[in-house]
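Peer 1: Got a predicted structure here, sequence first:
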Amino acid sequence: MLATGGTIARRLIHSSCRLACEKKTKEVPTPEEAGYAFNHVERKKGMYKPQHSIAEQVSYMKSRAYAEAYKGLPIYRWYKRNIKGQSKLQPPPRLFCIDKHGRFNLNHACPVCRDEYLYFDYRNPSLIEQFLADGTDQPIDILKSGLCREQYTLLRAQLLKAKEHGTITFGVEFRNFDYRQWYKSWTEEPGKPVERAGVRLQDIHPDPLVHFPTFKNDKNNDWDQWWIRHDKFAKKAK
Amino acid sequence: MFKFKPKISALARISSEIRFSSQWIKASSSSNEDINVEKLFVDQEVQKLLTDLTEIDLEHKVFRPRRTSIQQRSHFALMTEERLEKTRERMREEARRFLQFVPVKEPREESVQILAQDSELKDFDTSKFVFTDITFDATDQDRTVVVREPDGTLRTANPEEHDRMNRTYYQKPNRPVNAPALFADPYLQNALDKNEHEFVLDWACWFYEPDDPSYIRLSQLVFDRINESGKFHVITSTRHFGPFTFFLALNDNIPKLLNYFGGLGRLADCANLVRLQKAVRPDWRVTIAQGDSDEKIVKDFIKQNARFRDHIGDLQAFISTGKVKSEHEAEKHFGLRERLGRVDKRRVRITSGNIRGNEGPLGELSDEYSVKVVKSEGTGGSDGAEKKEEGRGRGRWRSRDQNTDDKKKE
């Protein structure tokens, strides 16, 4: 199972190999300068995913290579799972794209596994935010995101971490204080408790009382006598 | 269990005794007498002044878009002017409830009651045992929590343990058992650099009780940093602005906030702030008569506090010239003023009345050249159509304008 040094070297994606060589001599250049941002390897099965620091990931997400690859859209936008038939009926997501040895398990990895610079981290909230449902702090459905189970779990974990470290903000629940509980001299009743996102336009701006007739569906009426009187006129076969 | 319950309930949240030093007054500020901060905060006059100082910004503050846990659609409604005004008023009422101040409390007492000492239970285990009452009718405040120490002592839990047990057994969203990393410094400073003060304070008052020493420490830290950096706009029109202003007034530290109001040209707020300072510190040197106008109060303050002169430049500029800070800055940038002037010129509406004059598109050249108005084909067509039928889509408004202009000419 253990690969020899030679096979590991062969399996490494060539770009990262160059990076490793450069690391020894000087500081890590930005992906832009180094020009290694786009990975031309088509079949990655059995290869190792290169390791990059979070600073490199952030600079990559600002680089031209990233903009050209994803065109300013979320990274899962043009990802298509290799399935037959409707997306509704697709098989459950795969457990992982990268196995315990750090090698790609398959050629068509999920949108985060396939990009050598990307992995979820709370210090780079812009990647996590791409996977949040519009206007909420909750991740989108796993089948919509196209992620493998492992990455989806990491997404949720890093999302929680990002919230707790304040890199992703959200509307904290509103705490209604009853002042009588906190001050002896306070006698005034507290108002009706309020909650964030609890203000609805229909409460603020109630619609005028217009009476719309209810739709009358044809139930429990016997205008259609066909089946009731069927016995009378149907010719029974002998 | 029930034997000692009446004893424990005697430990009420409201502590009646007078404290000798308040946590809300810093040692550096010049105060030697004792002030009952809680009593002062709920004083009617102080509450009124604080409420007046907290403006209501519906769109950008109170109801600004936030990430919520559920997805919501945007709603659109077509309404008349009158109805719109009514709806706005109701939204403002709603917003007032969202601006309820967080109570300003002294840190609670840390004392515990020893209920029993059973020496035969000594060294029964190496760790403490915590017993929590999770019956249905116990509230978060009066829940019985007791701790059995390894040396056999049975005591009531201290407030910190009490809150922790509440968080453990009664989980709420965004209220983890341990305090999030956001409340400690490297991350706190990062959040404050991104102007997320409101988020931090909101979460802190959701997570901690208002009389928790850690909450008081954290909120004072945030308030101090706001005052240092002068970013008052991040906290105005939130529920924390009242406690913030109260904290500044208690510590005799208002000049920066005064300068901020002065820079915006809000003289009434400046006067209210001075009044608040006077209400909080009756022994303060500045005197305020009953019928003084806002301007006089502020001028008196400036005259009597010459030591603050460096901090209140914008306010002085506003009082002397009547111009707010943004106008001053616009004047400084010559190019900007030029651009503003051009924008103003463009804003003048060109009608058939002034098209031949200086205000028209030719400007000053119109003295030399006569302006001839030729209708293009499109307008000519609509002109013809106008006679046939009025009130068709876009053309109607244009034709009406033309009609009125023509009438004026006649």
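Peer 2: Received the coordinates, thanks. Residues are numbered from 1 along each chain as shown, chains lettered A, B, ... in the order given.

Peer 1: Tell me the pLDDT of B:Thr238.
Peer 2: Among the per-residue scores, B:Thr238 holds a pLDDT of 93.

Peer 1: wait, I meant B:Arg339
Peer 2: So, for B:Arg339, pLDDT stands at 53.

Peer 1: List the contacts of the residue nearest to B:Phe101 when sequence neighbours are not counted.
Peer 2: Closest residue to B:Phe101 apart from its sequence neighbours, by C-beta to C-beta, 6 or more residues apart in numbering or on different chains: B:Gly242 at 3.9 Å. Backbone N, C-alpha and C define where each C-beta goes, glycine included. For B:Gly242, the contact set (C-beta atoms under 8 Å, 6 or more residues apart in numbering or on different chains) comprises B:50-51, B:53-54, B:99, B:101-102.

Peer 1: where along chain A do the helices fall?
Peer 2: A:5-11, A:14-25, A:31-34, A:54-61, A:64-70, A:125-129, A:142-145, A:149-164, A:179-182, A:201-204, A:230-233 (DSSP state H).

Peer 1: neighbours around the one residue in chain A that gets nearest to chain B, how many?
Peer 2: Using C-beta to the nearest C-beta, the single residue of chain A nearest to chain B is A:Gly171, 3.2 Å away. Residues near A:Gly171, counting by other C-beta atoms under 10 Å in any protein chain shown, number 20.

Peer 1: ditto for the one 4 residues further on
Peer 2: Look at A:Arg175: counted by other C-beta under 10 Å, it has 16 neighbours.

Peer 1: tell me which parts of the stretch 51-200 of chain B are close to chain A?
Peer 2: Taking C-beta under 8 Å from any C-beta of the partner chain as the measure of proximity, the stretch 51-200 of chain B contacts chain A at B:63, B:65-72, B:75, B:77, B:79, B:83, B:87, B:90-91, B:94, B:97-98, B:100, B:102-103, B:105, B:141, B:172-174, B:176, B:180-182, B:187-188, B:190-191, B:196, B:199-200.

Peer 1: out of those, which are inside helices?
Peer 2: B:83, B:87, B:90-91, B:94, B:97-98, B:187-188, B:190-191, B:199-200.

Peer 1: And those, which of them are buried?
Peer 2: B:91, B:94, B:97-98, B:187-188, B:191, B:199-200 (16 or more other C-beta atoms under 10 Å in any protein chain shown).

Peer 1: so how far is A:Tyr60 from A:Ala67?
Peer 2: Distance, A:Ala67 to A:Tyr60, by C-beta to C-beta, to the nearest Å: 10 Å.

Peer 1: more crowded one of these two?
Peer 2: More neighbours surround A:Tyr60 than the other of A:Ala67 and A:Tyr60, with 22 against 11 (other C-beta under 10 Å).

Peer 1: For burial, what's the neighbour tally of the residue nearest to that one when sequence neighbours are not counted?
Peer 2: Sequence neighbours aside, A:Tyr117 is the residue nearest to A:Tyr60 in space, at 4.3 Å (criterion: C-beta to C-beta, 6+ apart). Number of residues near A:Tyr117 (other C-beta under 10 Å) recorded here: 23.

Peer 1: pLDDT at A:Tyr117, what is it?
Peer 2: Value listed for A:Tyr117 in the pLDDT field: 91.

Peer 1: what two of the buried ones among the ones in helices among the residues of the stretch 51-200 of chain B next to chain A are the furthest from one another?
Peer 2: Distances among these were taken as C-beta to C-beta; the most separated pair is B:Met91 and B:Tyr187, at 34.1 Å.

Peer 1: Skip the chain neighbours and tell me the closest residue to B:Arg26.
Peer 2: I think there's a mix-up here, since residue B:26 is Lys and not Arg. In space, B:Lys26 is closest to B:Asn251, 5.4 Å off (C-beta to C-beta, 6+ apart).
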